[in-house]
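S.K.: Take a look and give me a structure for this.
(2 chains)
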There are 2 protein chains.
Amino acid sequence: MCQLLGMNANTPTDLVFSFTGFSKRAEEHKDGFGIAFFEDAGVRLFVDAQSAAVSPVAEMVRRYPIHSANVIAHIRKATQGRVALQNTHPFQRELWGRYWAFAHNGDLKGYAPTLHSAFHPVGDTDSERAFCWLMQELAKAHAGVPTIAELTRTLGELVPRIAAHGTFNFMLSNGQALWAHCSTKLHYIVRQHPFRAARLQDEDMSVDFAQVTTPHDRVAVVVTEPLTADEPWVALQPGELKVFVDGSAVV
Amino acid sequence: MCQLLGMNANTPTDLVFSFTGFSKRAEEHKDGFGIAFFEDAGVRLFVDAQSAAVSPVAEMVRRYPIHSANVIAHIRKATQGRVALQNTHPFQRELWGRYWAFAHNGDLKGYAPTLHSAFHPVGDTDSERAFCWLMQELAKAHAGVPTIAELTRTLGELVPRIAAHGTFNFMLSNGQALWAHCSTKLHYIVRQHPFRAARLQDEDMSVDFAQVTTPHDRVAVVVTEPLTADEPWVALQPGELKVFVDGSAVV
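M.R.: Down below sits the predicted model:
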């Protein structure tokens, strides 16, 4: 199984602290890693078929504070599809003149959707097939970029049709919002004023968020397993699809 | 104006030497840079809205020898579209289950093609509009991935329709071949056995290719201005579309 990490913030924020802890887990999840940073309408997708523990690309990401309001990261332990760049999450496509990024944790058994439109997998994972099908069905459901509420409603109809095939924890973003779906395991936290200090679970590293934020800042972090030991992470429920906008979970 | 660099090889090859010389030119072309490496069916696109002379991403690319058979790089001096990540070349899309990367040098005046299918620009450059139109028209002309000869023939019909709008030097790759079109300025060289030494024009750096190659290796490098002082670069002719496969220019 893989691990997922996502961030949604009301102010472009760097993910160095969280990614440092998260990439420590790559010693076990060593079949590649990827991270997509949305910046304005653009996206930067860094991927490597090497483990995030040793990849020079991951090392650069840990040292270069890229500021983004929407990030999706993934460390891979291959289940379907061999270890190769084209099988490395997140995957990226363009729809309605916006970039979309998607990463999946889980395993979809015998999942072979009909892909009859403009979205086709390049690699051979169940995950990329699921992403292409979601893009295809979103494109059919809406003529142009819908509101986040409309997108969430459409996703709420589509996602169970994929989730019926197995484990489908995923994160999806178009740079405006972060959608997180839980089949089995996903946790989130919203950090906001008054900020406090936190300590990574996986590495001896702490940060006092009060020192690096303003009272206006708000950041949601979503991850497979909580990254810090001393914060109140919330577990998503199986079957729950949550959307984060401006650093908050939208009801 | 921007500058372009492309590579096509019969064996995955690193581009550290050429990219080092090329990125030196970013002192003048400072509005972002990007480089796409095809690896197997996957692609890695590194972009930064900072100059390649100072970007930590470019620094990583100069130090991490990524082996690829098809590479496209671009350093930007903005003409149309502001300095932003979504306006940074190369651009990337998926068509027929393959990734495509495209970078442009030039300026297309009043170019507003009808984009009625699945490819829409995210940023606001003439270049991304041209790429989306090419993808749309290729998708209409062929039902699945055609042969390189068929693709070249179709591109030969489409490209003049864009080039009529201004300067359209570009490079395009799908990981199987590298297409280079010259409106005003583009040079190439094929390096093959017997290999010799070469010295960068822009930086005090030499390499003896005989030491780092096998007699079987063959590499074509295409660039706006020759990178080395002591090699027989060939200038493409205005209006010429050249395709490189396995390190050779295909007639």
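
S.K.: count of neighbours near the closest residue to A:Glu27 other than its chain neighbours?
M.R.: For A:Glu27, ignoring the flanking residues on the chain, the nearest one in space by CB to CB, 6 or more residues apart in numbering or on different chains is A:Ala53 at 5.0 Å. All C-beta spots, glycine's among them, are computed from the backbone N, C-alpha and C. Look at A:Ala53: counted by other CB atoms under 10 Å in any protein chain shown, it has 17 neighbours.

S.K.: Next: A:Gln176.
M.R.: 18.

S.K.: so how far is A:Asn174 from the nearest residue to it once chain neighbours are set aside?
M.R.: Nearest residue to A:Gln176 in three dimensions, chain neighbours excluded: A:Ile148, at 6.3 Å (CB to CB, 6+ apart). According to CB to CB, to the nearest Å, A:Ile148 and A:Asn174 sit 9 Å apart.

S.K.: neighbour-wise, which of those two wins?
M.R.: A direct count of neighbours by other CB under 10 Å for A:Ile148 and A:Asn174 places A:Asn174 higher, at 23 against 16.

S.K.: Might one say that that one is in contact with A:Trp100?
M.R.: Yes. A:Asn174 lies in contact with A:Trp100 (CB atoms under 8 Å); the separation is 5.0 Å.

S.K.: do you know how far the most centrally placed residue in chain A is from chain B?
M.R.: Nearest to the mean C-alpha position of chain A, counting by CA atoms, centre = their mean, stands A:Ile72 at 3.2 Å. Counting by CB to the nearest CB, to the nearest Å, the separation of A:Ile72 from chain B is 16 Å.

S.K.: what does A:Ala9 give?
M.R.: Computed as CB to the nearest CB, the A:Ala9 to chain B distance reads 17 Å.

S.K.: go on, A:Glu225?
M.R.: 27 Å.

S.K.: That residue: how many residues sit nearby?
M.R.: So A:Glu225, with other CB under 10 Å, has 15 neighbours.

S.K.: tell me the contacts of it?
M.R.: A:3, A:25, A:185, A:187, A:201 (CB atoms under 8 Å, 6 or more residues apart in numbering or on different chains).

S.K.: Look up the closest residue to A:Thr13, ignoring the ones flanking it.
M.R.: A:Val219 (5.5 Å).

S.K.: ditto for A:Leu158
M.R.: A:Glu137 (5.2 Å).

S.K.: What strand or helix carries the one you found?
M.R.: Under the criterion of DSSP states H and E, A:Glu137 resides in helix A:126-141.

S.K.: which other helices and strands contact that helix?
M.R.: If contacts are counted by 3 or more CB pairs under 8 Å, 6 or more residues apart in numbering or on different chains; DSSP states H and E, helix A:126-141 sits against strand A:91-95, strand A:98-108, helix A:148-163, strand A:166-173.

S.K.: Not counting that helix itself, show me its contacts.
M.R.: A:80-81, A:87, A:89, A:91, A:93, A:95-96, A:100, A:102-104, A:107-108, A:111-113, A:115-122, A:151, A:154-155, A:158-159, A:162, A:165-166, A:168, A:170, A:172, B:118.

S.K.: Swap in 7 Å and give it another go.
M.R.: A:80, A:89, A:91, A:93, A:95, A:100, A:102, A:104, A:107-108, A:111, A:113, A:115, A:117, A:119-121, A:154, A:158, A:162 (CB atoms under 7 Å, 6 or more residues apart in numbering or on different chains).

S.K.: The residue nearest to A:Gln176 touches A:Val243, doesn't it?
M.R.: Yes. In terms of CB atoms under 7 Å, A:Ile148 counts as a neighbour of A:Val243; the distance is 6.4 Å.

S.K.: which bits of chain A sit near chain B?
M.R.: Where chain A comes near chain B, counting by CB under 7 Å from any CB of the partner chain, the residues are A:39-42, A:44-45, A:47, A:56-57, A:60, A:64, A:84-86, A:88, A:93-94, A:96-99, A:118, A:120-123.

S.K.: so of those, which ones are in helices?
M.R.: Counted as lying in helices by DSSP state H, out of the residues of chain A next to chain B, are A:56-57, A:60.

S.K.: Most neighbours of all these, which one?
M.R.: A:Val57 (22 neighbours).

S.K.: So it versus A:Glu28, what's the distance?
M.R.: Per CB to CB, A:Val57 is found 19 Å from A:Glu28.

S.K.: With A:Met171 instead?
M.R.: 20 Å.

S.K.: The two: who's more crowded?
M.R.: A:Met171 (30 against 12).

S.K.: Quick check, that one in contact with A:His104.
M.R.: No. Using CB under 7 Å, A:Met171 makes no contact with A:His104, being 8.2 Å away.

S.K.: Around the residue of the stretch 51-200 of chain A found nearest chain B, how many other residues sit close by?
M.R.: Closest contact between the stretch 51-200 of chain A and chain B, by CB to the nearest CB, is at A:Leu85 (2.9 Å). Other residues near A:Leu85 number 22, with proximity taken as other CB under 10 Å.

S.K.: how about the nearest residue to it, chain neighbours excluded?
M.R.: Per CB to CB, 6+ apart, closest to A:Leu85 is B:Gly42, 2.9 Å.

S.K.: got it, and A:Val71?
M.R.: Distance criterion CB to CB, 6+ apart; nearest residue to A:Val71, sequence neighbours excluded, is A:Met7 at 4.3 Å.

S.K.: A:Arg218 is in contact with that neighbour, correct?
M.R.: No. Contact between A:Met7 and A:Arg218 fails when scored by CB under 7 Å: they sit 11.4 Å apart.

S.K.: quick one: buried residues of stretch A:86-95?
M.R.: For stretch A:86-95, burial by neighbour count (16 or more other CB atoms under 10 Å in any protein chain shown) applies to A:86-95.

S.K.: do stretch A:169-185 as well
M.R.: Buried residues in stretch A:169-185, defined by neighbour count with 16+ other CB under 10 Å: A:169-183, A:185.
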